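K.L.:
Need coordinates for the below:
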Amino acid sequence: MITLTKSAAQHINKMLNELPNAQGMRVTLKQAGCTGFKYIVEATDTINETDHIFESEGIRIIIDKKNIVFIDDTEIDYIQQGLNAKLVFNNPHVDEACGCGESFTFKNEEEAG
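P.N.:
Numbers count the residues shown, from 1 in each chain. This next block holds a predicted model:
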């Protein structure tokens with residue numbers, strides 16, 4: 001299960017309102033950064049047969065079957081610090097993150113991606 005905090009849901013709801021016919025928020029993993037992977041979050045109007053759908057705070061969270069093992073049990077929060085604001089993933093499957101916090105590795109990385 002993927003959950004959203006109230007502040008994350010408010011932020012994501014604004015994203016979803018920008019896409020006509022939005023079905024929910026898609027979360028995917030991409031190999032990137034100095035450590036290994038990063039999250040890609042985008043509004044989507046498509047749900048595929050291989051997608052898992054979670055609902056939290058009234059928002060659909062869509063994750064492809066191949067990524068679910070690495071994202072399941074994650075809480076997504078939205079934080080603002082001064083002029084900076086970002087989604088924060090509290091993911092129990094992450095082993096370590098790079099210094100800037102943009103990329104990370106998984107405890108069971110050989111199965112990722």
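
K.L.:
Outside of the top helix by length along the chain itself, list whatever touches it.
P.N.:
Ranked by number of residues, the top helix in the chain under DSSP state H is helix 6-17. By Cβ atoms under 8 Å, 6 or more residues apart in numbering, the residues outside helix 6-17 that reach it are 4, 22, 24-25, 41-43, 56-59, 76-79, 85, 87. For glycine as for every other residue, the C-beta is placed from the backbone atoms N, C-alpha and C.

K.L.:
What are the boundaries of the helices in the chain?
P.N.:
All helices of the chain, identified by DSSP H, fall at 6-17, 68-71.

K.L.:
what are the ranges of the strands in the protein?
P.N.:
Secondary structure of the chain, counting by DSSP state E: strands at 3-4, 24-32, 36-44, 51-56, 59-64, 75-81, 84-90, 94-97, 104-106.

K.L.:
could I get these as CSV with distance to residue 16?
P.N.:
As requested, those are exported to CSV (distance: least, Cβ to Cβ, whole Å):
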stretch, distance to residue 16
strand 3-4, 12
strand 24-32, 7
strand 36-44, 5
strand 51-56, 13
strand 59-64, 7
strand 75-81, 14
strand 84-90, 14
strand 94-97, 26
strand 104-106, 25
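
K.L.:
Out of those, name the one with the poorest average pLDDT.
P.N.:
Here the lowest mean pLDDT among the strands of the chain goes to strand 104-106, at a mean of 60.

K.L.:
Check the spacing between the spatially most central residue of the chain and residue 81 real quick.
P.N.:
Using Cα atoms, centre = their mean, the residue of the chain that lies closest to the mean C-alpha position is residue 27, 4.1 Å off. Here residue 27 is placed at a distance of 22 Å from residue 81 (Cβ to Cβ, to the nearest Å).

K.L.:
Residue 93 now?
P.N.:
25 Å.

K.L.:
the more surrounded of these two?
P.N.:
residue 93 (18 against 7; other Cβ atoms under 10 Å).

K.L.:
thought the more buried one was touching residue 68?
P.N.:
No: at 10.6 Å, residue 93 does not count as touching residue 68 under the criterion of Cβ atoms under 8 Å.
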